[in-house]
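Enquirer: After the sequence you'll find the predicted model.
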Amino acid sequence: MDYKYNAIILEKRDVGEADRLYTFYAKESGRTKALGKGVRRPNAKLAGNLEPITQAEIFIAKSRGLGKITGAIAVENFSNIKLDIEALEKISAVFKIFNKIVGEQEQDENIFVILLGFLQGMEKLSREKNNAGKMDILVLGFLFKLLSEMGYRLEVEKCVHCGRKLEPLDNYFSPAKGGVLCKDCHKLESKRIKMSPEAIKLVRIFLKNKLENLAKLQVAQKDVNNLKLIVQEAVNWL
């Protein structure tokens, strides 16, 4: 049976003498793997449309087991990203996290939408100069939105232990609790990370706003670093 997918290519891996195993996130099927037969041969036509960081229409023949790719049409190549080493490094790190926490064959159209929006935002930023800080904000916004979409929405409005509204100072993030502990409750958790008031505000903004608006934010580097540590601990907990 033949299937058509609207997909974003995440990674490729050489197998056998001339084949490649591709991992992509499809609007119709979630994270999916399929085999590209003979795509490493010099005259192969498919390979150019199946590079990582490409949105493509992929056609797959499947009966049992791993499907075989029979065709691919690139929809968006994200050519600016592919010329920007810094953007490539950041997206590579994001894709590693994505593949780590997103299960196979778990279809979620919202995840596809935010993943595509993230790449479109990075493509736009790759045309600009002095964009590293903006890229960091976009990466963080995407990861917090991804965690939320997967059912791990961080509680940043009230203490996850006592339920009281958070005061501005002396708050800590608890990976185990999935949110912020107030100044009175944080001692109950041995593994906790101090969270600045600005970092808490930023997570609230990330969760309530569209990705394309996040790169406009002006954020101090110390708060970016705080959020990088927090999102990494949240991912490790998962």
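Expert: That came through fine.

Enquirer: can you give me the strands in the protein?
Expert: Counting by DSSP state E, the chain has strands at residues 2-15, 19-26, 30-36, 55-61, 67-76, 171-174, 179-181, 193-195.

Enquirer: can you list the domains in this protein?
Expert: 2-76, 81-237 (automatic domain parsing).

Enquirer: between the strands of the chain, which gets nearest to H161?
Expert: strand 179-181 (5.7 Å; C-beta to C-beta). (Glycine included, C-beta is placed from N, CA and C.)

Enquirer: just checking, G30 touches N99?
Expert: No: with contact defined as C-beta atoms under 8 Å, G30 does not reach N99; the gap is 11.9 Å.

Enquirer: Those two: which has the busier surroundings?
Expert: Per other C-beta atoms under 10 Å, whichever of G30 and N99 has more neighbours is G30, with 18 against 14.

Enquirer: List the residues that contact A18.
Expert: 37-41, 44 (C-beta atoms under 8 Å, 6 or more residues apart in numbering).

Enquirer: again, only using 10 Å
Expert: Residues in contact with A18, defined by C-beta atoms under 10 Å, 6 or more residues apart in numbering, are 36-42, 44.

Enquirer: What residues sit buried inside stretch 26-33?
Expert: 26-27, 29-32 (16 or more other C-beta atoms under 10 Å).

Enquirer: want to throw the strands of the chain into JSON lines with mean pLDDT and distance to L214?
Expert: Below are the strands of the chain laid out as JSON lines (pLDDT from 0 to 100; distance: least, C-beta to C-beta, whole Å):
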{"stretch": "strand 2-15", "mean pLDDT": "96", "distance to L214": "19"}
{"stretch": "strand 19-26", "mean pLDDT": "97", "distance to L214": "21"}
{"stretch": "strand 30-36", "mean pLDDT": "96", "distance to L214": "24"}
{"stretch": "strand 55-61", "mean pLDDT": "97", "distance to L214": "20"}
{"stretch": "strand 67-76", "mean pLDDT": "96", "distance to L214": "20"}
{"stretch": "strand 171-174", "mean pLDDT": "97", "distance to L214": "20"}
{"stretch": "strand 179-181", "mean pLDDT": "97", "distance to L214": "20"}
{"stretch": "strand 193-195", "mean pLDDT": "96", "distance to L214": "19"}
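
Enquirer: Throw those strands into JSON lines and include distance to L229, thanks.
Expert: Listed next are the strands of the chain as JSON lines, based on distance: least, C-beta to C-beta, whole Å:
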{"stretch": "strand 2-15", "distance to L229": "25"}
{"stretch": "strand 19-26", "distance to L229": "26"}
{"stretch": "strand 30-36", "distance to L229": "26"}
{"stretch": "strand 55-61", "distance to L229": "31"}
{"stretch": "strand 67-76", "distance to L229": "32"}
{"stretch": "strand 171-174", "distance to L229": "9"}
{"stretch": "strand 179-181", "distance to L229": "14"}
{"stretch": "strand 193-195", "distance to L229": "6"}
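
Enquirer: what's the closest of these to I85?
Expert: strand 2-15 (18.0 Å).

Enquirer: Enumerate the sheet neighbours of the closest one, specifying parallel or antiparallel for every one.
Expert: Strand 2-15 has its sheet partners listed here by DSSP bridges as strand 19-26 (antiparallel), strand 55-61 (antiparallel).

Enquirer: what angle sits between the first one and strand 30-36?
Expert: When axes from the mean of the first three to the mean of the last three C-alpha atoms, to 10 degrees is applied, the directions of strand 19-26 and strand 30-36 differ by 160 degrees.
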